[in-house]
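Undergrad: With the sequence up front, the predicted model follows.
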Amino acid sequence: MLPEIQASNTMQEKKDVKEIIIKEALHLFNINGFVNVRLQHIADAASISVGHMAYHYKNKDAILHVLYALLNEKQRIHLAEFRVVPLFEDIDRQITSTFHLQQEYIFFYQDMLEIMRGFPTIKNKHQQQIEWQIKQIQMMIDFNIARGVFHPPVFTDLVSRTAQQYWAASEFWCYQQSVVGLPITEIKQFRESVWSVLKPMFTHVGQVEFNQLRPSSA
């Protein structure tokens, strides 16, 4: 085998192993929670030794940082989908995609406070992500006020407060459901919880548009 082909195969094998480790770690974190999973558990699931796994990821913290980077990027892609023309159908589609993304990374949303306390780097990145998310939500609200489906704000800070409430209703839904022992896999409940933040802002036109949306999105 030519040296360049051999090197290429070796690089692909490393990439494949790293992807398997990340996939199995995410699966175990989602089932058992981040703090309850050890490196040995991940190595067993990936069918490799702990030493082999440590060659690719030094420890569980390194795996967490990779998973958060993946989540962060997907959050940006999903939220950016309705930046230009966020009609109600776009908002509803974004809510749905957010729900499925949270299901994919459910451990992060259930263990968020512990992760924030234990990993300052991720905490700082997530705080920046939150600021960006709320800014995008504010732009969505402003757009819908301008097109007449939301009432203009009565108070100067109403848009920013509503954006924060919308973000919180989405971000902490899984955590709240888990704390009180309610299911976290009901997309209908998630959708209703997030939309409930915006409903008080509906004009008559907005209510009509939302009613038209419901049969195809419930």
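TA: Sure thing, it's come through.
Undergrad: Share the number of residues neighbouring residue 118, please.
TA: Here the number of neighbours of residue 118 (other CB atoms under 10 Å) works out to 14. Using the backbone N, CA and C atoms, a C-beta is placed for each residue, glycine as well.
Undergrad: Give me the phi and psi angles of residue 150.
TA: Torsion angles at residue 150 (phi, psi; degrees, to the nearest 10) stand at phi -120, psi 140.
Undergrad: Could you verify my assumption that it touches residue 203?
TA: Yes: Residue 150 lies in contact with residue 203 (CB atoms under 8 Å); the separation is 6.6 Å.
Undergrad: Among the two, which residue is more densely surrounded?
TA: Comparing residue 150 with residue 203 by other CB under 10 Å, the one with more neighbours is residue 150, at 22 against 16.
Undergrad: List the contacts of that one.
TA: With contact set as CB atoms under 8 Å, 6 or more residues apart in numbering, residue 150 has these partners: 141, 144, 198, 201-203, 206.
Undergrad: Tell me which two of those sit farthest apart.
TA: For those, the maximum inter-member distance is 13.0 Å, found between 141 and 203 (CB to CB).
Undergrad: Could I get the pLDDT score of residue 85?
TA: In the predicted model, residue 85 carries a pLDDT score of 75.
Undergrad: Next, the contact list for it, please.
TA: Under the criterion of CB under 8 Å, 6+ apart, the contact list for residue 85 reads residue 143.
Undergrad: That one in helix, strand or coil?
TA: Taken by DSSP: H, G, I helix; E, B strand; the rest coil, the conformation at residue 85 corresponds to coil.
Undergrad: Where does pLDDT dip in this structure?
TA: By pLDDT under 70, the weakly predicted segments of the chain are 1-14, 81-84, 214-218.
Undergrad: Give me the domain ranges for it.
TA: 1-58, 65-217 (automatic domain parsing).
Undergrad: Tell me the helices and strands packed up against the host helix or strand of residue 164.
TA: For residue 164, the element it lies in under DSSP states H and E is helix 158-171. Helix 158-171 sits against helix 120-146, helix 187-198, with contacts defined as 3 or more CB pairs under 8 Å, 6 or more residues apart in numbering; DSSP states H and E.
Undergrad: Now tell me what touches that helix from outside.
TA: Outside helix 158-171, the residues that touch it by CB under 8 Å, 6+ apart are 95, 98, 109, 130, 133-135, 137-138, 141-142, 145, 153, 190, 193-194, 196-198, 201.
Undergrad: Just the buried subset of those residues, please.
TA: Buried positions within the contacts of helix 158-171, assessed by neighbour count (16 or more other CB atoms under 10 Å), are 95, 98, 109, 133-134, 137-138, 141, 145, 153, 190, 193-194, 197-198, 201.
Undergrad: on that earlier part again, helix or strand right after the helix holding residue 164?
TA: Elements were assigned by DSSP H and E; along the chain past helix 158-171, the next helix or strand is helix 173-179.
Undergrad: Report the distance from that following helix to the chain centre.
TA: Relative to the mean C-alpha coordinate of its chain, helix 173-179 is positioned 14 Å out (CA atoms, centre = their mean, to the nearest Å).
Undergrad: Pull out the buried positions in it.
TA: Neighbour-count burial for helix 173-179 flags 173-174, 177 (criterion: 16+ other CB under 10 Å).
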